[in-house]
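>>> Turn this into a model:
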Amino acid sequence: MIDLDTTQWMIVVALHLAVIFRAILLDGRDSYARAAWLLLLISVPVAGVVLYLLFGEPWISKSFRQRCKRIEEELQSFAPRLAQGGGATGLTANAFRTFEAASGWPVSTGNTARLTPDSDTAIDMLVADIDAAEDRVHLSFYIWLGDNNGTKVVEAVCRAARRGVTCRVAADAIGSRALIRSAHWTSMREAGAHLCSLLEVPLGLGILVGRRTDLRNHRKIAVIDGRITYGGSQNCADPAFLVKRRFAPWVDILVRFEGPVARQADLIFAAAWTLETGEDLRPVMGSDPPAPSADGFAAIATGTGPLSSRGTMTDMFVSVLAETQAKVTITTPYFAPDPPLIAAIVAAARRGVEVRIIFPRRNDSRIVGAISRAYYPVLARAGVRIFEYCGGMLHAKTLVSDGSLVLIGSSNMDRRSLDLNFENSILCQSADLAAQVLDRQSRWLENAVEIDRDAATGRPIPRRFADNFLTIVAAVF
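Residues are numbered from 1 along each chain as shown. Down below sits the predicted model:
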C-alpha cells in the first residue's frame, strides 16, 4: 500500500515531468528558449516549476485575447488610407510592408518631424502642445514620476482639463505605481481628466485577470488633438530619474511628429484605452485624420505585444536590417536577442554593411548588461563595431539605416520587448530626420569607448564558459 508521503512524492514528480513535456511541446518557441527552460527545470526542479508556471509562457486568457482582437479590428478602419500606389517604394518597401502586416494599416505619407533637443526640452515642448490643445489630449507612459518633469505634465493636464479639453491619461500600474498612488493622480482626476491605470493585477494574482502579472504596457505615447504625436524612448521623468539615480543621467530620445502618423499612434492608444476602460473611442476616431504635408515623408506607427503573432517585433527589426546596404547605427540599452535578430545583425556585417551598436557602459540591469556583453564575441567576429557610452544610462532605442530609414520607439532588443511587453515603434523614411538622429548618435559616440575586437573575442576559458551560459539562459529574461 502506498503511504501518503510516497503519494505526494509521485504527484510532485508527475507535475515536474508534465511541465517539462509542456516546455518541449509548446509551439512557436525557439530552440534557445526551450533549452534555457529545460536547463532550469532540470537543475532546480521545484523552483524551476514555479518559475515556469509564473513566467514560462506569455499566457493570456481566451476572453482577453478575443476582446483585444475585436477592439483592434473595430479601430483599424479609422486609419488613414492611401491612394493606390501611394505607399513606400524602392529598397525600403519590404520593411514598410512588414510594419503594415504587424499594424493592419498602410504606411502614412506627408508627415513632418522634429527631434527634440534633450529630455527636459522634450517635456517643455509636450507641455506647450498640451497647453495649446483644443479638443483632446491622450497620454500613455510606462514610467511617470512625480519629479520636476513629471509634475510639469501633470499640471499641464490639469490646466487643459479645466478649460474643457478631454484628457485621457494612462500609466502602467507597475511602472507608474508611485504616481498613481500620489496626490498628482488625484489632482488630475479632480481637474476632470479621465485616468486609467494600465494592466492592474489584484494582489499580483494574474489568474484573476486572465494574464501574466509581468506583461506590462511599456509604451510611451502622446497624441495632441489627433494631429501631433511624440515617439521615442523617454518616460515622463527627469533625466536624473530618481528611482535609479545612480545610473543618471538617463539619456533618451523623443521625436515630435505631425501628420497622418499621429492618427496611427492615436489608434494604438485607443485600443489599449478601450480594452481597459470599456469606453468606445470610435466616435472620437471618426473625425478627419490630419492632412498630409506636401513635402512630408512616409512613416508608420505600429504597436506590438504578447497578442501579436510570435516574432512580430523581431520581424520588424530584421526587415530594416535586411534592407540596409551600406551603414546602420543602433542604440539599445538592453540586448538579449532571439536567434533571428542576432543572425540578421551578423548577416548585415558579413555582407559588408558597417554595423555600429552603442550600449550603455553602466546598465541599470546587471543581469541584462552581462547578457549583452556575452554577445560581444559573436558580434565582433562578424565585424560589428561595438561601443559603450560613458555619459550615463543610454536608454534611447534608435536605428538609422543608410542615412534615410529611421526606427525609434519603446522597444529594446531583448526578450521582454520582443515577446512580452506592449511596445510602440515608428518607422520613417526621411533623410532629414535620419540626419538629425545620426547627429545625436554621433554625439553619443563622442562620449563612448570602442570595444577592442581582439579583447572581445580572445576570452579566457572561464569567461567563455560564463558568456556562453548567459546566452543560453538569456531567453528566460
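>>> In CSV, please show the C-alpha coordinates belonging to stretch 347-364.
C-alpha atoms of stretch 347-364 as CSV (Å, rounded to 0.1, in the frame of the first residue of the first chain):
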residue,chain,number,x,y,z
ALA,A,347,24.5,38.8,-41.7
ALA,A,348,24.4,42.5,-42.3
ALA,A,349,28.0,42.9,-41.0
ARG,A,350,29.2,39.9,-43.0
ARG,A,351,27.9,41.2,-46.3
GLY,A,352,29.9,44.4,-45.8
VAL,A,353,27.4,46.7,-44.1
GLU,A,354,29.1,48.9,-41.5
VAL,A,355,27.2,48.0,-38.3
ARG,A,356,27.7,50.1,-35.2
ILE,A,357,25.9,49.3,-31.9
ILE,A,358,26.1,51.6,-28.9
PHE,A,359,25.3,50.1,-25.5
PRO,A,360,25.4,51.9,-22.1
ARG,A,361,28.7,51.2,-20.2
ARG,A,362,26.8,51.0,-16.9
ASN,A,363,23.5,49.2,-17.1
ASP,A,364,20.7,49.5,-14.5
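>>> contacts for it?
Identification of contacts with stretch 347-364 by C-beta atoms under 8 Å, 6 or more residues apart in numbering yields 244, 247, 321-322, 324-335, 345, 369, 372, 379, 382-390, 392-395, 441, 444-445, 448-449. Heads up, the C-betas are built off the backbone N, CA and C, glycines and all.
>>> mean confidence score for that stretch?
What stretch 347-364 shows for mean pLDDT is 97.
>>> Now residue 388. Nearest residue, chain neighbours left out?
Residue nearest to residue 388 in three dimensions, not counting chain neighbours: residue 361, with 4.0 Å by C-beta to C-beta, 6 or more residues apart in numbering.
>>> Just want the phi and psi numbers for that neighbour.
Phi and psi for residue 361, reported as degrees, to the nearest 10, are phi -70, psi -40.
>>> count of neighbours near residue 275?
18 (other C-beta atoms under 10 Å).
>>> OK, contacts around residue 303?
Here residue 303 is in contact with 103, 219, 268, 271, 422, 423, 424 (C-beta under 8 Å, 6+ apart).
>>> ugh, wrong one, I meant residue 216
Going by C-beta under 8 Å, 6+ apart, residue 216 touches 142, 172, 174, 175, 199, 420, 421, 422.
>>> min pLDDT across the residues you listed, which one?
Lowest confidence among those: residue 420, with 88.
>>> Against residue 471, how distant is it?
Distance check for residue 420 against residue 471: by C-beta to C-beta, to the nearest Å, it reads 19 Å.
>>> again with residue 186
Separation of residue 186 from residue 471 (C-beta to C-beta) stands at 46 Å.
>>> ditto for residue 435
35 Å.
>>> And the strands in the stretch 151-300 of the chain?
Taking DSSP state E, counting those that start in this stretch as the criterion, the stretch 151-300 of the chain carries its strands at 166-172, 194-198, 221-224, 228-232, 250-251, 254-258, 297-304.
>>> same check, this time on the stretch 301-450 of the chain
Counting by DSSP E, counting those that start in this stretch, the strands of the stretch 301-450 of the chain are 327-331, 354-360, 385-389, 393-394, 398-401, 405-409, 423-429, 448-450.
>>> model confidence over the first one, on average?
Here strand 327-331 scores 98 as its mean pLDDT.
>>> List phi and psi for the residue most central in space within the chain.
With distances taken as C-alpha atoms, centre = their mean, the residue of the chain nearest its centroid is residue 411 (2.5 Å). Dihedral pair for residue 411: phi -90, psi 130, per degrees, to the nearest 10.
>>> Kindly report the same for residue 44.
Residue torsions, per degrees, to the nearest 10, at residue 44 are phi -130, psi 80.
>>> What distance do you get for residue 436 to residue 114?
8 Å.
>>> I figured residue 417 hits residue 425, correct?
No. Between residue 417 and residue 425 there is no contact under C-beta atoms under 8 Å: 9.6 Å.
>>> who touches both of the two?
Common neighbours of residue 417 and residue 425 (C-beta under 8 Å, 6+ apart) are 313, 410, 411.
>>> Closest one of those to residue 121?
Proximity of the shared contacts of residue 417 and residue 425 to residue 121 (C-beta to C-beta) peaks at residue 410, which lies at 19.8 Å.
>>> ok, now which ones touch residue 69?
Contacts of residue 69 by C-beta under 8 Å, 6+ apart are residue 307.
>>> element containing it, please.
helix 62-76 (DSSP states H and E).
>>> if we can go back for a sec, name only those of the contacts of stretch 347-364 that count as buried.
Among these, those classed as buried by 16 or more other C-beta atoms under 10 Å are 247, 321, 324, 328-335, 345, 369, 372, 379, 382-389, 392-395, 441, 444-445, 448.
>>> residues contacting residue 327?
353, 354, 355, 356, 401, 402, 403.
>>> Kindly report the same for residue 305.
The contact partners of residue 305, taken as C-beta under 8 Å, 6+ apart, are 215, 420, 421, 422, 423.
>>> Likewise for residue 71?
Contacts of residue 71 (C-beta under 8 Å, 6+ apart): 271, 274, 275.
>>> quick one: it and residue 396, what's the gap?
For residue 71, the distance to residue 396 - C-beta to C-beta - is 31 Å.
>>> Could you chop this structure up by domain?
In terms of domains, the chain is parsed into 4-55, 62-90+112-295, 312-476 (source: automatic domain parsing).
>>> tell me, which of these is the model least confident about?
For the domains of the chain, mean pLDDT drops lowest on domain 4-55, to a mean of 78.
>>> Dump the contacts of residue 216 into a markdown table; add distance to residue 255 and neighbour count as well.
Output for the contacts of residue 216, formatted as a markdown table (distance: C-beta to C-beta, whole Å; neighbours: other C-beta atoms under 10 Å):
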| residue | distance to residue 255 | neighbour count |
| --- | --- | --- |
| 142 | 17 | 21 |
| 172 | 21 | 24 |
| 174 | 26 | 19 |
| 175 | 21 | 21 |
| 199 | 26 | 23 |
| 420 | 25 | 18 |
| 421 | 20 | 25 |
| 422 | 20 | 26 |
